[in-house]
Structures are given as C-alpha cells and as structure tokens.
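Participant: any chance you can model this:
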Amino acid sequence: MSLFENANQRGTRAAQPAATAVIKGCQYYVTDEEVTERSNGLIWEDCSDASSGIGGGSEFHPFLLMGA
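Facilitator: Below is the predicted model:
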C-alpha cells in the first residue's frame, strides 16, 4: 500500500487517528465539525478556508501534497 493512498481521510472527530499515526501532510475532514485539518507530524492543524467561499472548508487540497 502506498503512503499516499491514505493521504486524505474523512470521518468523525472520534474516529480521527493521531497526527503521529499518519504521514506528515495528511489531511483529515472532520465530518461532524465540517473542518479540514492537516497533520504536521505531531498535531492536527486547521487548514479549513471558510473565507474563500469554496467548499466551506470541506475540500481536500491534494495538490499541496504534490508541491504544486
């Protein structure tokens, strides 16, 4: 299994894995809070962009993982 197969995940806050248990840069959409977070390898950091009006923070941004 490729590390990138699990680069973007979604689920409830209760089901969210530890930030240390996923690859650095992994994004997780918290379905019960409608926020997107990114693992920095130690903690989950908010990366939702509700101010953009695009997707209300519910979109993953896989291009960030590719360095685009």
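
Participant: may I see the buried residues of stretch 11-20?
Facilitator: Gln16, Ala19 (16 or more other C-beta atoms under 10 Å). Backbone N, C-alpha and C define where each C-beta goes, glycine included.

Participant: dump that stretch to PDB, restricted to CA.
Facilitator: Extracted as PDB, the C-alpha positions of stretch 11-20 are listed here (Å, rounded to 0.1, in the frame of the first residue of the first chain):
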ATOM      1  CA  GLY A  11     -14.600  10.800   9.300                       C
ATOM      2  CA  THR A  12     -15.900  11.900  12.700                       C
ATOM      3  CA  ARG A  13     -13.700  13.500  15.400                       C
ATOM      4  CA  ALA A  14     -13.900  10.300  17.500                       C
ATOM      5  CA  ALA A  15     -12.500   8.200  14.600                       C
ATOM      6  CA  GLN A  16      -9.700  10.600  13.700                       C
ATOM      7  CA  PRO A  17      -6.300   8.900  14.000                       C
ATOM      8  CA  ALA A  18      -3.500  10.500  16.000                       C
ATOM      9  CA  ALA A  19      -1.500  13.100  13.900                       C
ATOM     10  CA  THR A  20       1.600  11.000  14.600                       C
END
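
Participant: now that stretch: average pLDDT?
Facilitator: The pLDDT scores in stretch 11-20 average 97.

Participant: show residues contacting it.
Facilitator: 9, 28-33, 37, 39-44 (C-beta atoms under 8 Å, 6 or more residues apart in numbering).

Participant: give me that answer again for 6 Å
Facilitator: The contact list for stretch 11-20, computed with C-beta atoms under 6 Å, 6 or more residues apart in numbering, reads Tyr28, Val30, Thr31, Asp32, Ser39, Ile43, Trp44.

Participant: of the residues you listed, grab the buried ones for PyMOL.
Facilitator: To isolate the buried members of the contacts of stretch 11-20 in PyMOL, using 16+ other C-beta under 10 Å:
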select buried, resi 28+30+39+44
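
Participant: where does this structure have low pLDDT?
Facilitator: 1-6, 50-68 (pLDDT under 70).

Participant: what are the ranges of the helices in it?
Facilitator: 63-66 (DSSP state H).

Participant: all strands of it, in order?
Facilitator: Along the chain, the segments classed as strands by DSSP state E run 8-11, 27-30, 35-39, 44-46.
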